[in-house]
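Engineer: could you look at this predicted model? Sequence included:
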Amino acid sequence: MNGKFIFKFLNSFSSVNPNLMYTVKMVRILFIHLLFCILLSGCGQIPKAPPTETPIPPTALLATKTSSITITATITLSPTTTQTPTPMSSPTPVTLAAVADIAICGQESDDQTAALISDWNADIIIAGDANNEDGTLWQYQNCFQPSWGQYLSRIHPVAGNHDYYNDPIGNYYFYFGERAGEPDKGYYSFDLGDWHIVGLNSNCGFLPCGPSSDQVAWLKEDLSKTQKECTLAFWHVPRWNSGPAKHANWVQSFWDVLYDAGADVVVNGHDHHYERTGKIDAKGLPDKQNGIVEFIVGTGGAGHYYLETPFPFSEKMIFGEFGVLKLVLEPQSYLWQFINIEGEVLDEGKNVCH
C-alpha cells in the first residue's frame, strides 16, 4: 500500500470529523513506527546477538528455578498461614503429708515423725490434736514448735478434742493464726495442684455439724463451686474406725455431703493407729465405683492405741507404729504410702478419682 495515500486518507478523515483529530494523530504515529520497523527488518538493520558458546552451569539453572517458585508464592492471592501451637506444660503432681495426734511434752516420737518428712517438700494437713495434752499456748510453743512447728508455713490444721481443752481462741487459733480458718469456725478450703482440699471442725459440741448446721451448709456450697476433679476432706474424729474410740456417728452429715459431691479421700486422726478402708459409701458399705477411701493417721507421736473391733471394710490396720501418710496428688489420681519412723513403707497403693 502507498504510504502517501494512507496519510492523505487519514488527513481527509480528520478534516471531516475534527473531534477525532487526536485519535488520528496517534494512529499516524503508530503507523510510522510500524513502517519504520518493517523497513529496518527488511534491510537487516536489527543485528542478532551471536549465540554464546559458554554453557550455563546446571547450578545457575537450579537457582533460576528456585527464584521462580519464590515469585509464584509471592503472588498467591490467599496464602496459607501456619500457626505455631502453644506448648502445653504437663501437670505436676504435688506431695501432701497427713498426720494427727502429735506432740506430748518430753516425748521424742514427734521429733522422729517430723524428721521423716524433712526432704519431702510437702504441704501438711494435721487432722487434729497437734498438741495432744491440754491445748495451752505454752504447750504449742514449747512442745509442738520444736518438732513440727518448723513447718508452720506449710501446715493446714483442723482442731481436735485436745485443741479445745483450753480456750481455743487464745491458744490453738492464736498459735496457728489464719492457717486454722476463722477462730469461731475452724473450717475452710483451699486448692492444692489439681485437688480441692476441705478442712472441717468435728468438735460438734462447740460448733454444730448436723445436717441443718451452718458448717454443713457451707460445705455444700463450697463443694458446688469447685472446678477440681478430685477432692480430699480432713477432720479429727473418724466415722468408721477399728480403734477404741469406735464410730463417730455425729459426723455423718459430713459423709453424706461429701459422698453426694463425689469426694475421693477422707483423712482423720483421734485413735492412735493407722487404718485405711476400701472405697465405701456414706453408710460404710463397699462402693468401688463412687466410694470414698478413709485414712486414720493418729500416728504423729502421741502414744499408741490398740485394736478394738475391726471395721469389716478396712483393708489395712497398723498398730504400734509412729509414721506419716504420704500422698502424691496427681490430676486424676493419687498414690499413698504410710511410712514409719524407720523409713519403711508399711502400706501403699494408687487410686483414680471419680
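Structural biologist: Yep, that arrived. Residues are numbered from 1 along each chain as shown.
Engineer: relative to Asp123, how far out is Asn203?
Structural biologist: To Asp123, Asn203 is 23 Å away according to C-beta to C-beta, to the nearest Å. All C-beta spots, glycine's among them, are computed from the backbone N, C-alpha and C.
Engineer: do the same with Leu219
Structural biologist: For Leu219, the distance to Asp123 - C-beta to C-beta - is 21 Å.
Engineer: next one: Ile318
Structural biologist: Distance from Ile318 to Asp123, by C-beta to C-beta: 23 Å.
Engineer: between these two, who's got more neighbours?
Structural biologist: Taking other C-beta atoms under 10 Å, Ile318 and Asp123 do not tie; Asp123 has more neighbours (21 against 16).
Engineer: kindly state the beta-bridge partners for the more buried one.
Structural biologist: With DSSP bridges as the criterion, Asp123 is bridged to Leu96.
Engineer: so it makes contact with Val94?
Structural biologist: Yes: in this structure, Asp123 is within contact of Val94 by C-beta atoms under 8 Å, at 7.0 Å.
Engineer: what's around the closest residue to Leu207 other than its chain neighbours, how many residues?
Structural biologist: Take Leu207 and drop its neighbours on the chain: the residue closest to it by C-beta to C-beta, 6 or more residues apart in numbering is Asn201, 5.1 Å away. Number of residues near Asn201 (other C-beta under 10 Å) recorded here: 25.
Engineer: who's in contact with Asn201?
Structural biologist: Val158, Ala159, Gly181, Lys185, Gly186, Tyr187, Leu207, Cys209, Gln215, Trp235 (C-beta atoms under 8 Å, 6 or more residues apart in numbering).
Engineer: run the last query once more with 6 Å
Structural biologist: Ala159, Gly186, Tyr187, Leu207 (C-beta atoms under 6 Å, 6 or more residues apart in numbering).
Engineer: does the last one lie in a helix or a strand, and which?
Structural biologist: Counting by DSSP states H and E, there is no helix or strand that carries Leu207.
Engineer: pLDDT wise, what is it at?
Structural biologist: As predicted, Leu207 sits at a pLDDT of 95.
Engineer: swap in the second one?
Structural biologist: In this prediction, Gly186 carries a pLDDT score of 97.
Engineer: could you pull out the strands for the chain?
Structural biologist: Assigned by DSSP state E, the strands in the chain fall at 94-99, 123-127, 155-158, 188-192, 195-199, 230-234, 265-268, 274-277, 293-297, 314-318, 323-329, 333-340, 345-352.
Engineer: mind checking which of those is nearest Leu137?
Structural biologist: strand 155-158 (14.5 Å; C-beta to C-beta).
Engineer: partners of the closest one, with directions?
Structural biologist: If you go by DSSP bridges, strand 155-158 pairs up with strand 123-127 (parallel).
Engineer: next, the angle strand 230-234 makes with the partner strand.
Structural biologist: Orientation check (axes from the mean of the first three to the mean of the last three C-alpha atoms, to 10 degrees): strand 123-127 against strand 230-234 gives 50 degrees.
Engineer: with only the CA atoms kept, save strand 123-127 in PDB.
Structural biologist: The C-alpha coordinates for strand 123-127 follow below in PDB (Å, rounded to 0.1, in the frame of the first residue of the first chain):
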ATOM      1  CA  ASP A 123       2.300 -29.400 102.200                       C
ATOM      2  CA  ILE A 124       1.000 -30.800 105.500                       C
ATOM      3  CA  ILE A 125      -2.500 -31.400 106.900                       C
ATOM      4  CA  ILE A 126      -2.900 -32.100 110.600                       C
ATOM      5  CA  ALA A 127      -6.200 -33.900 111.300                       C
END
